[in-house]
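Chemist: Fold the stuff below for me.
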Amino acid sequence: MAKKAFVHSVETCGALDGPGLRYVLFLCGCPFRCIFCHNPDTWSLQGATERTTDEVFSDIVKYENFFKLSGGGATLSGGEPLLQSEFAAELFAKLKACGIGTALDTCGYVDITDSVKECLRLTDLVMLDIKHLDRVKHFEITGKPCDKVLRFLNYTCESGNKVRIRIVVVPSLTDSPVYFNALAKYLTHYKSSIELVELLPYHDMGKAKWHALGLEYKLENTPSPSEDSLAGAEKIFEQYGFKTLRTKR
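Modeler: Numbering: from 1, shown residues only. Next comes the predicted model:
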């Protein structure tokens, strides 16, 4: 019997969540409560739609020609997709069997179970969000410590996965040369696995969702990072030998 998952939404021609044109499946449920999250409506299962791997696979293959022309594929995002790792592994197995590329957008705060291992084995690209290296700051941002995330990073790199590190650049939280240097130095241990470091400038476009859900948006008056700050971050990571990508969201 096909595995089922709780699905929030689908983006059929995504260009921000991996290479080429992507079919992005957003799953519900997340262990984090990031204060800059732009999809707080994916945190819980409320309003989710149950779909099987067969149903999702049948929808994805409709876009197979677009993937081939653009070098794209399917991306599982969320929420945290590895909270539904049995579904993710089964879906990725189906996609790999017909030559469709797979990517995983994850916060890495998961236990390394057998189904997580199987999912990673079938993943062409792991996009791992590093919220903060400092345990206290990470808790301030997400409500959880960072230990499990760093163990996940170590496991994925030791397993031979190709990894893209994603960093949300937030003034007063992650936006400083001192922090960028510390993170770049830490990541050099995994340089052979990291294909690039992706900088995501903070924005408040998710604020309306917070208000609609009756949630307090703590970054109400926080500006987006400056052009100079982003250029400085790029320069620091490049000095450590990393390729960088700045993504507008």
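Chemist: And Leu183, how close does it get to Glu80?
Modeler: 21 Å (Cβ to Cβ, to the nearest Å). Glycine gets a C-beta too; all of them are placed from N, C-alpha and C.
Chemist: More neighbours: which of those two?
Modeler: Shown here are Leu183 and Glu80; by other Cβ atoms under 10 Å, Glu80 has more neighbours (24 against 21).
Chemist: any idea which residue sits dead centre in the protein?
Modeler: Central residue of the chain (Cα atoms, centre = their mean): Asp105, 3.0 Å from the mean position.
Chemist: who's in contact with Arg33?
Modeler: Trp43, Thr142, Gly143 (Cβ atoms under 8 Å, 6 or more residues apart in numbering).
Chemist: If any of those are buried, put those into a PyMOL selection.
Modeler: Buried residues among the contacts of Arg33 (16 or more other Cβ atoms under 10 Å), as a PyMOL selection:
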select buried, resi 43+142
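Chemist: Which one of the contacts of Arg33 is nearest to Tyr155?
Modeler: The nearest member of the contacts of Arg33 to Tyr155, counting by Cβ to Cβ, is Thr142 at 19.3 Å.
Chemist: roughly how far apart are the closest residue to Leu213 other than its chain neighbours and Tyr186?
Modeler: In space, and not counting its chain neighbours, Leu213 is closest to Pro40: 5.9 Å by Cβ to Cβ, 6 or more residues apart in numbering. Pro40 sits 29 Å away from Tyr186, going by Cβ to Cβ.
Chemist: Could you list the buried residues of stretch 234-249?
Modeler: For stretch 234-249, burial by neighbour count (16+ other Cβ under 10 Å) applies to Glu234, Ile236, Phe237, Tyr240, Phe242, Thr244.
Chemist: I'd like to know which of these is nearest to Lys162.
Modeler: Phe242 (13.8 Å).
Chemist: what's the helix or strand for that closest one?
Modeler: Assessed by DSSP states H and E, Phe242 sits outside every helix and strand.
Chemist: Let me see the contact set for it.
Modeler: By Cβ under 8 Å, 6+ apart, Phe242 lies in contact with Ala184, Leu187, Lys191, Ile194, Leu196, Val197.
Chemist: So which of the residues you listed is surrounded by the most neighbours?
Modeler: Highest neighbour count within the contacts of Phe242: Val197, with 26 neighbours (other Cβ under 10 Å).
Chemist: pLDDT wise, what is that one at?
Modeler: pLDDT, Val197: 98.
Chemist: And the one 10 residues further on, by the same measure?
Modeler: Note on Lys207: pLDDT of 93.
Chemist: Identify the residue nearest it in space, chain neighbours excluded?
Modeler: Take Lys207 and drop its neighbours on the chain: the residue closest to it by Cβ to Cβ, 6+ apart is Tyr217, 5.1 Å away.
Chemist: residues touching the one you found, list them.
Modeler: Contacts of Tyr217 by Cβ under 8 Å, 6+ apart are Asp204, Lys207, Trp210, His211.
Chemist: Swap in 10 Å and give it another go.
Modeler: Ile35, Phe36, Cys37, Pro40, Asp204, Gly206, Lys207, Ala208, Lys209, Trp210, His211 (Cβ atoms under 10 Å, 6 or more residues apart in numbering).
Chemist: Buried residues of the strand of greatest length in the chain, list them for me.
Modeler: For the chain, the longest strand by residue count, based on DSSP state E, is strand 4-14. Using 16+ other Cβ under 10 Å as the test for burial, strand 4-14 gives Lys4, Ala5, Phe6, Val7, His8, Ser9, Gly14.
Chemist: Would you check that my belief about the last one contacting Thr247 is correct?
Modeler: No - checked against Cβ atoms under 10 Å, the pair Gly14 and Thr247 is beyond contact range at 11.8 Å.
Chemist: Can I get the buried part of the contacts of Tyr217 as one ChimeraX selection?
Modeler: Applying 16+ other Cβ under 10 Å to the contacts of Tyr217 leaves a buried subset, and the ChimeraX line that selects it is:
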select :35,36,37,40,204,206,207,209,210
